[in-house]
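need coordinates for the following:
(chains A and B)
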There are 2 protein chains.
Amino acid sequence: MSLGPGARGRTLLGRPPQPAINTADVAALLLRGRTLATPVLRAAVARLAPPMDTVAAYHFGWIDAEGHPAEGDGGKAVRPALALLSAEAAGAAAETGVPGAVAVELVHNFSLLHDDLMDGDEQRRHRDTVWKVHGPALAVLVGDALFALAGEILLEMGTSEAARAARRLTTATRKLIDGQAQDISYEHRERVTVEECLRMEGNKTGALLACATSIGAVLGGADDHLADSLESYGHHLGLAFQAVDDLLGIWGDPEATGKQTWSDLRQRKKSLPVVAALAAGGAASDRLAAILAVDAKSDRTEDFDETEFAERAALIEEAGGRTWTSEEAQRQHTAAIGALDRVDLDPHIREQLVALAEFIIRRNR
Amino acid sequence: MSLGPGARGRTLLGRPPQPAINTADVAALLLRGRTLATPVLRAAVARLAPPMDTVAAYHFGWIDAEGHPAEGDGGKAVRPALALLSAEAAGAAAETGVPGAVAVELVHNFSLLHDDLMDGDEQRRHRDTVWKVHGPALAVLVGDALFALAGEILLEMGTSEAARAARRLTTATRKLIDGQAQDISYEHRERVTVEECLRMEGNKTGALLACATSIGAVLGGADDHLADSLESYGHHLGLAFQAVDDLLGIWGDPEATGKQTWSDLRQRKKSLPVVAALAAGGAASDRLAAILAVDAKSDRTEDFDETEFAERAALIEEAGGRTWTSEEAQRQHTAAIGALDRVDLDPHIREQLVALAEFIIRRNR
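Down below sits the predicted model:
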C-alpha cells in the first residue's frame, strides 16, 4: 500500500509541499533509538526473577524458544526514536530521553503480551506468541512485570521531571487499557460508528505514541505547553499510524507486512476502512453490511477462499472505505504537523519530526 | 486455629507481656480504614471505561453477577487501616494516608484478579472469581486497569511525597510479582527449602503489607528512617500474617475461613508447615515425603476422602511443621514490634500498631 505523492498533494490542504522524505535520516533516527534504548531495556529486563527474565527475552526476540540467542525483529522502534527526538526538542541531549524510551517500550510490550493472550493471537513478528510458547500464566505475569518495571525505571530517578513523566505514562497506559476494553466490546457489536472507532484507536495507539513524543521533553525539563504540543503531534501521528495499519491490514503486501493476506478481514476486525464503508451508505455499503451480518452469525471465515475475502475488500473499496481511510491518514498527518507549528522548535529537530511523520504514513509494513 | 496465650508467653523471648488485645480498638481501626478508603476507591473505579467498571465493582463485592447492588465481604481491610495509622505515625492526619490506602488496595486487588486466573481458582470470598464470571480476557484487563489506576491516584497529586509513595508502591508491586513467579515455579519442584518459602512469602505477602505500613507516613512527609522502620514492621507483620494463613490453610475452621477443610493440602501448596515438616527429618518427615512424592505423580487428591487429608495433616504436625510455623509467626511478630522500637512514636499510635499485630497473629479467619 502506498498513499503516493499524488494523494499527498491532493489532501494536504493549503499547505506548501513538504520536502521529499529523507529515508537515510529516518533510518538513522530509528537506529539511534534502538541503539541507545536496547542496552538499558535489556538491563531492566535482567532484573526480573526467573523464569520471567527468560520469557521477556523471548518476547523481545533476544532468544528463541529454546533459549538460544537470536537476532529478533524488534519491531520498527518508532517510539524510542520519538522519545529521543522529544528530549532534543526541549533542548536536552538525546540521552536524556532514554529512560522515557525504555519505559514506553516496556508499557508497549506489556500491552502486546496481554493483548495477544486476550485476542488469542498465536503469531507476532513471525514467531509464536509468549502465551503459545510459555503458557497463559506467564504471559499475564511477565506483562505485569514489564508494566511495573516501566514505573520503576522512571520513579527510581527520584527527580520531579521523572515523576511528571511517570504521571503522563500512567495516564497513557490507562487510555491504552480503555482502548483495548473498547476493542473487545466492539467485537460483540453489529455496528460501530466511525467516531467510536477513532476514539478506540486514539486510546489504543494514539495515547502511547503521544506519550513517547512528549516523555523525552518532560525528562528534559520542558514546560507543559511544549510537552502538550508534542503530545498532540504524537496523538495525531498515532492516529495516522493506525489508519495506515488498517489499510495494510486489508490491502498490505504479505511479503512486506509479515501478516496473512486480508488479515484484518480474516479476524473480522471493525477497522476504519470497514466502519467507514458501512457508514457511507449506497449500494456497495448496503451489500457489504448484508454480507458482514451473515458472516457474524457463522464461524465460516476460517475456510473462506481468497475470492471471498477479495469480494469483501472490493466492496469496502467501492463504498469508499479505502479512500476515506487514506484521507484520514492525511488529515491526521496534517494535524500532527500543525501541532508542531504551535511551538518554537529548532528547525533541525522539526525537520526530523516531519520526516518521521512522512515515514509513518508512507510505510508499507 | 488459635496460638493461645500460653504459646505467646513461651516465645516472646525476654519481652514483657503485651497488654491484652483490645478487640474494640482493632475493630474501630479496621472500620475507619474501610470508611475513609472505600468512597475514594469507588470513585477511582468509576473512572474505568465500561465494562471494566462493572467487572471491578463485581470483584470488590459492590454488585452481584447480575449487576444488582450487593453488600460484599470486602476482606479484612488490614491494609487501609495500616496506611491511615502510618500517616498518623508521621504526625499527619489519618486522612493524609487515604490515597496511599486506596493505591495499595488497587494493587492488592490487581494481584488477586491475576493470581486467581493464573492459579485457576474459582472462588474468592465465597463468590465466583472474575475470570469465572466475566471470562479470562476481562480478568486480565481489569487487573491491568486497577494497577494503572493505583499509579494514577498517587501521581496525579503532583507532590514529591506522592512520587516517593508511588516509587515505594512500584517496588513493592515488582516484589509481589516476583513472589508469584516463585510460587508458580515452586509448584513444579519436588523440594522447596524453608528459606525459599520464606523469601517467596516475603515477596508475595510481606512487600505490599510493608508498603501499606509506610505509604501513609511517606505521604505525610516522613523521612526515610521512619518510613523504612515502618516498612520493616509491615514486612515482618506480613510474614507473620502469611504464617498464620498457612496454619489456617491446613487446620483452619471452614466455618470461619470460608475455605474448604485442608484447603492448602487439596491444592498441594508447598506452604510453610509442609516445607518445615519436610526439612525436619525423622520418621514422620520421611513418611510425609514418601506420601507427597506419590501424590505429586497422580491427580488423585481431587477424590481423596477426609481421612487421607487428616493423615497428611497429622504427619505434618508430628514432624513439627505446625509448631515451627506457629513459632515462626511469633518470631515475625516479635521482629515487627522490634522494628517499632527503632523509632520515636506517639505511644497511642504505637499501641494501635501493636494491637493490629496481635490481631493478625490471633485471628482465626
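
now residue A:70: how far from residue A:210?
Between residue A:70 and residue A:210 the computed distance is 31 Å (C-beta to C-beta, to the nearest Å). C-betas here are computed from N, CA, C, even on glycine.

same check, this time on residue A:323
From residue A:323 to residue A:210 the distance is 27 Å (C-beta to C-beta).

which one's more surrounded, those two?
Ranked by neighbour count (other C-beta atoms under 10 Å in any protein chain shown), residue A:323 and residue A:210 place residue A:210 first, with 28 against 15.

just the element for that one, please.
If you go by DSSP states H and E, residue A:210 is part of helix A:207-219.

can I get that helix in PDB, CA atoms only?
What follows is helix A:207-219, C-alpha atoms only, in PDB (Å, rounded to 0.1, in the frame of the first residue of the first chain):
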ATOM      1  CA  ALA A 207      -2.100   7.600  23.700                       C
ATOM      2  CA  LEU A 208       1.200   5.700  23.900                       C
ATOM      3  CA  LEU A 209       2.700   7.300  20.800                       C
ATOM      4  CA  ALA A 210       1.700  10.700  22.200                       C
ATOM      5  CA  CYS A 211       3.500   9.800  25.400                       C
ATOM      6  CA  ALA A 212       6.600   8.700  23.600                       C
ATOM      7  CA  THR A 213       6.600  12.000  21.800                       C
ATOM      8  CA  SER A 214       6.400  14.100  25.000                       C
ATOM      9  CA  ILE A 215       8.200  12.000  27.600                       C
ATOM     10  CA  GLY A 216      11.700  12.900  26.500                       C
ATOM     11  CA  ALA A 217      10.800  16.600  26.600                       C
ATOM     12  CA  VAL A 218       9.300  16.200  30.100                       C
ATOM     13  CA  LEU A 219      12.500  14.500  31.300                       C
END
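
tell me which residues in the helix or strand just after it are buried?
The helix or strand immediately downstream of helix A:207-219 is helix A:224-251, counting by DSSP H and E. Judged by neighbour count using 16 or more other C-beta atoms under 10 Å in any protein chain shown, the buried positions of helix A:224-251 are A:226-251.

what parts of the stretch 1-150 of chain A come near chain B?
A:47-52, A:110, A:114, A:117-118, A:136-138, A:140-141, A:143-145, A:147-149 (C-beta under 8 Å from any C-beta of the partner chain).

tell me where the model's unsure across chain A.
The model of chain A has pLDDT under 70 over residues A:1-21, A:72-74, A:299-302.

recalculate using a threshold of 80.
Chain A contains residues with pLDDT under 80 at A:1-24, A:72-75, A:188, A:257-260, A:298-303, A:365.

so where do the strands sit in it?
A:123-124, A:127-128 (DSSP state E).

given the first one, what are its sheet partners and their directions?
Just to be clear, that refers to strand A:123-124. Partner strands and pairing direction for strand A:123-124 (DSSP bridges) are strand A:127-128 (antiparallel).

what distance separates the strand it pairs with from the centre of its chain?
Taking C-alpha atoms, centre = their mean, to the nearest Å, one finds the center of strand A:127-128 at 19 Å from the center of the full chain.

looking at the strands of chain A, which is closest to residue A:344?
Ranking the strands of chain A by proximity to residue A:344 (C-beta to C-beta) places strand A:123-124 first, at 40.3 Å.

how far away is the residue sitting nearest the centre point of chain A from residue A:179?
What sits nearest the mean C-alpha location of chain A, by C-alpha atoms, centre = their mean, is residue A:205, with 4.8 Å. To residue A:179, residue A:205 is 8 Å away according to C-beta to C-beta.

which residue of chain A lies farthest from its centroid?
Largest separation from the mean C-alpha position in chain A: residue A:283, at 33.2 Å (C-alpha atoms, centre = their mean).

residue contacts, it?
Applying C-beta atoms under 8 Å, 6 or more residues apart in numbering or on different chains to residue A:283 gives no contacts.

for it, give its distance to chain B.
35 Å (C-beta to the nearest C-beta, to the nearest Å).

then residue A:45?
12 Å.

and what of residue A:133?
In terms of C-beta to the nearest C-beta, residue A:133 sits 16 Å off from chain B.

tell me the contacts of that residue?
A:58, A:65.

residue A:243 touches residue A:271, doesn't it?
No - contact criterion C-beta atoms under 8 Å: residue A:243 and residue A:271 do not qualify, at 9.1 Å.

follow-up on the earlier one: filter the buried residues of helix A:224-251 down to the ones near chain B?
Answer for the buried residues of helix A:224-251 near chain B: none qualify (C-beta under 8 Å from any C-beta).

coming back round to it: is the helix holding residue A:210 positioned near chain B?
No - using C-beta under 8 Å from any C-beta, helix A:207-219 stays clear of chain B, with a minimum separation of 11.4 Å.

elements contacting that helix?
Packing partners of helix A:207-219 (3 or more C-beta pairs under 8 Å, 6 or more residues apart in numbering or on different chains; DSSP states H and E): helix A:78-89, helix A:98-119, helix A:160-187, helix A:224-251.

any chance of these in a markdown table with distance to residue B:43 as columns?
Listed next are the helices and strands packed on helix A:207-219 as a markdown table, based on distance: least, C-beta to C-beta, whole Å:
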| stretch | distance to residue B:43 |
| --- | --- |
| helix A:78-89 | 32 |
| helix A:98-119 | 25 |
| helix A:160-187 | 15 |
| helix A:224-251 | 25 |
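
between the strands of chain A, which gets nearest to residue A:358?
strand A:123-124 (26.3 Å).

give me the neighbour count for the closest residue in space to residue A:218 that isn't next to it in sequence.
Nearest residue to residue A:218, sequence neighbours excluded (C-beta to C-beta, 6 or more residues apart in numbering or on different chains): residue A:165, at 4.6 Å. Residues contacting residue A:165 under the criterion other C-beta under 10 Å number 31.

identify the residues contacting the nearest residue to the residue nearest to the centre of chain A once chain neighbours are set aside.
What sits nearest to residue A:205 in space, not counting adjacent residues and going by C-beta to C-beta, 6+ apart, is residue A:242, at 4.2 Å. Going by C-beta under 8 Å, 6+ apart, residue A:242 touches A:201, A:204, A:205, A:206, A:272.

ok, so of those, who is nearest chain B?
Closest approach to chain B among these (C-beta to the nearest C-beta): residue A:204, at 11.5 Å.

ok so, going back, looking at it, the residue nearest to residue A:218 is touching residue A:215, isn't it?
Yes - under the criterion of C-beta under 8 Å, residue A:165 makes contact with residue A:215 at 5.1 Å.

common neighbours of the two, please.
With C-beta under 8 Å, 6+ apart as the test, residue A:165 and residue A:215 both reach A:100, A:103.

give me the residue from the stretch 251-365 of chain A nearest chain B.
For the stretch 251-365 of chain A, C-beta to the nearest C-beta, closest residue to chain B: residue A:267, 14.9 Å.

tally of neighbours for that residue?
Other residues close to residue A:267 by other C-beta under 10 Å number 16.

now it: phi and psi?
When read as degrees, to the nearest 10, the backbone of residue A:267 gives phi -90, psi 0.

and the gap between it and residue B:279?
52 Å.

tell me the contacts of residue A:239?
So residue A:239 contacts A:198, A:201, A:202, A:205, A:206, A:328, A:332 (C-beta under 8 Å, 6+ apart).

leaving out sequence neighbours, find the closest residue to the third one.
It refers to residue A:202. residue A:239 (6.0 Å).
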